[in-house]
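S.K.: Task: produce atomic coordinates for the following.
(one chain, ligands or ions: 1)
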Amino acid sequence: MQADPQTHEEMILAFLADGGEEFTSGEALSDKLGLSRTAVWKHVESLRGKGYRIEAIPARGYRLVEVPDHLTGLELSPLLGTRDIGRTLHALEEVESTNALAFKLANEGAVHGEVVVAETQTQGRGRRGRNWESPPGLNLYCSIVLRPELPPQRAPELTLVAAVALAETIREAGVVATIKWPNDVYAEGKKVAGILTELSAEPDAIRFAILGLGVNLNARAEDFPPEVAKVATSLYEVRGQRVPRALFAAALWSRLEVWLDRHAEEGFAPVRQAWRELCGMLGAEVLVKTERREVRGVAEDIDETGALLVRTAQGVERVVAGDVEQLRAKKSAR
Ligand code: BTN
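M.R.: Okay, the predicted model is just below:
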């Protein structure tokens, strides 16, 4: 579906969402929509009937406080402030994996920014062949089709762009998130979000990349199997308050688009700088397990390609893929 606002209700929601915490006056809404103040009021009442919580204060106007907790075009499209991301949206109740479906759609010609989002996944994929727990109606599972003008060897940069956008959006929602190399997002020592990037490429160009984002928003520990609950958390668990999922998704996609544009225009340097500032493990002692070896040392930095630089007893080792375990906190002198 196309996400451009069409009905008056969608337009009112779009203006209110744009206003954020600020009130939008009834007069401004009626001018923008070419409707009477009474007609605006009637639309607001109708939206309230559909589960939108809209505060109204005489002489100040209206403010969007809460949107219904569904992830369909109806909730998402009026909230979108993006140029491309989510403008074509495939919103499903259930899917095997949003990444698998997005990959298929991209092979069939899906455009840059097309999004697949689902309430649950029956075979959600994690990195390194793992499973991604996807309890229904609680979290965000989405995959975005990207068609960047990049050589395939620069594809890992896209994952770091997404990690920065994710960590910033989670921080904006009031949870102190940090990035664990290469692209896990942590809060209070447990994983809160993950990224799975899958690629279709020619030797010298990316045909498309699928950016799969899983964010634990409203799940509680008991919504996960016990072994997952030991290592995973959610925004709800940390801040003790439910997250309006559609607002979060719209904020994430906006931020992602801003960072993708910046990456396209300025290259990897600003992304690397933001990533460093959000990374929770630079300066700490780590153990990195790759397919073939283990590297133990101090995580010093990421290089200009996104690889992790680990200072070991033998010198600095460059790691391009693997799982990192933090052994000891960073030294305060860093
Ligand atoms: C990780 O292992 O950290 C990556 C997890 C990525 C999960 C997301 S959920 C939406 C998208 N669809 C999938 O099947 N996986 C990604």
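S.K.: which SS state does the residue nearest to R127 when sequence neighbours are not counted fall under?
M.R.: Nearest-residue entry for R127: L196, 5.7 Å, with adjacent residues in sequence omitted and distances by CB to CB, 6 or more residues apart in numbering. C-beta: built from backbone N, CA, C; applies to glycine. Secondary structure state of L196, per DSSP: H, G, I helix; E, B strand; the rest coil, is strand.
S.K.: residue contacts, L196?
M.R.: Contacts were defined as CB atoms under 8 Å, 6 or more residues apart in numbering; by that measure L196 touches 99, 125-127, 132, 212, 214.
S.K.: and if we set it to 10 Å?
M.R.: If you count contacts by CB atoms under 10 Å, 6 or more residues apart in numbering, L196 has them with 97-99, 124-128, 130, 132, 143, 159, 162, 183, 210-214.
S.K.: Relative to I144, how far out is it?
M.R.: 11 Å (CB to CB, to the nearest Å).
S.K.: Common neighbours of the two, please.
M.R.: What both L196 and I144 touch, as defined by CB under 10 Å, 6+ apart, is the set 98-99, 162, 210-213.
S.K.: Inside strands: which ones of those?
M.R.: In strands, defined here by DSSP state E, the members of these are 210-213.
S.K.: hang on, the earlier thing: near the ligand, which of the contacts of L196 show up?
M.R.: 97-99, 124-127, 130, 132, 143, 212-214 (CB under 6 Å from any ligand atom).
S.K.: Would you mind listing which of those residues are buried?
M.R.: Among the ones next to the ligand among the contacts of L196, those classed as buried by 16 or more other CB atoms under 10 Å are 97-99, 124-125, 127, 132, 143, 212-214.
S.K.: R60: which of those is nearest?
M.R.: Nearest to R60, judged by CB to CB, of these is L213 at 35.9 Å.
S.K.: Could you check what's spatially nearest to the closest one, not counting adjacent residues?
M.R.: In space, and not counting its chain neighbours, L213 is closest to C142: 5.4 Å by CB to CB, 6+ apart.
S.K.: could you say what helices and strands the helix or strand that contains the one you found packs with?
M.R.: In this assignment (DSSP states H and E), C142 forms part of strand 140-146. Applying 3 or more CB pairs under 10 Å, 6 or more residues apart in numbering; DSSP states H and E, one finds that strand 140-146 contacts strand 89-95, helix 98-107, strand 115-121, helix 156-172, strand 190-201, strand 206-215, helix 245-266.
S.K.: Nearest to R239, out of those?
M.R.: That would be helix 156-172 among the helices and strands packed on strand 140-146, by CB to CB, at 10.0 Å.
S.K.: on contacts alone, who are the packing partners of the next helix-or-strand element following that closest one?
M.R.: Downstream of helix 156-172, the first helix or strand assigned by DSSP H and E is strand 177-180. Where contact means 3+ CB pairs under 10 Å, 6+ apart, strand 177-180 is packed against helix 156-172, strand 184-187, strand 190-201, helix 269-278, strand 323-328.
S.K.: For S77, find the nearest of the ones you listed.
M.R.: helix 156-172 (18.7 Å).
S.K.: Can you give me the buried ones in the helix or strand encompassing R63?
M.R.: According to DSSP H and E, R63 maps onto strand 61-66. By neighbour count on 16+ other CB under 10 Å, the buried set for strand 61-66 is 61-64.
S.K.: what's across from the closest residue to R128 other than its chain neighbours in the sheet?
M.R.: Among residues not flanking R128 along the chain, D323 sits closest, at 7.3 Å (CB to CB, 6+ apart). Counting by DSSP bridges, D323 is bridged to K289.
S.K.: Tell me how many other residues surround D323.
M.R.: 14 (other CB atoms under 10 Å).
S.K.: Y52 too?
M.R.: 20.
S.K.: residues in contact with the residue nearest to it when sequence neighbours are not counted?
M.R.: The shortest distance from Y52 to any non-neighbouring residue, by CB to CB, 6+ apart, is to V67 (5.7 Å). Listed by CB under 10 Å, 6+ apart, the contact set of V67 reads 13, 16-17, 47, 50-54, 74-76, 78-79, 244-247, 250.
S.K.: Buried ones among these?
M.R.: The neighbour-count criterion (16+ other CB under 10 Å) marks 13, 16-17, 47, 52, 54, 74-76, 78-79, 244-247, 250 among the contacts of V67 as buried.
S.K.: closest to Q153 among those?
M.R.: Each of the buried ones among the contacts of V67 was checked against Q153 using CB to CB; the closest is A250, at 32.3 Å.
S.K.: ok, back up a step: distance from the strand holding R63 to the middle of the chain?
M.R.: 24 Å (CA atoms, centre = their mean, to the nearest Å).
S.K.: Show me which residues of this protein sit near the ligand.
M.R.: Within the chain, the positions near the ligand by CB under 6 Å from any ligand atom are 97-99, 121, 124-127, 130, 132, 141-143, 184, 194-196, 212-214.
S.K.: And T38, how far from S25?
M.R.: With CB to CB as the criterion, T38 and S25 are 15 Å apart.
S.K.: likewise E257?
M.R.: Distance, E257 to S25, by CB to CB: 29 Å.
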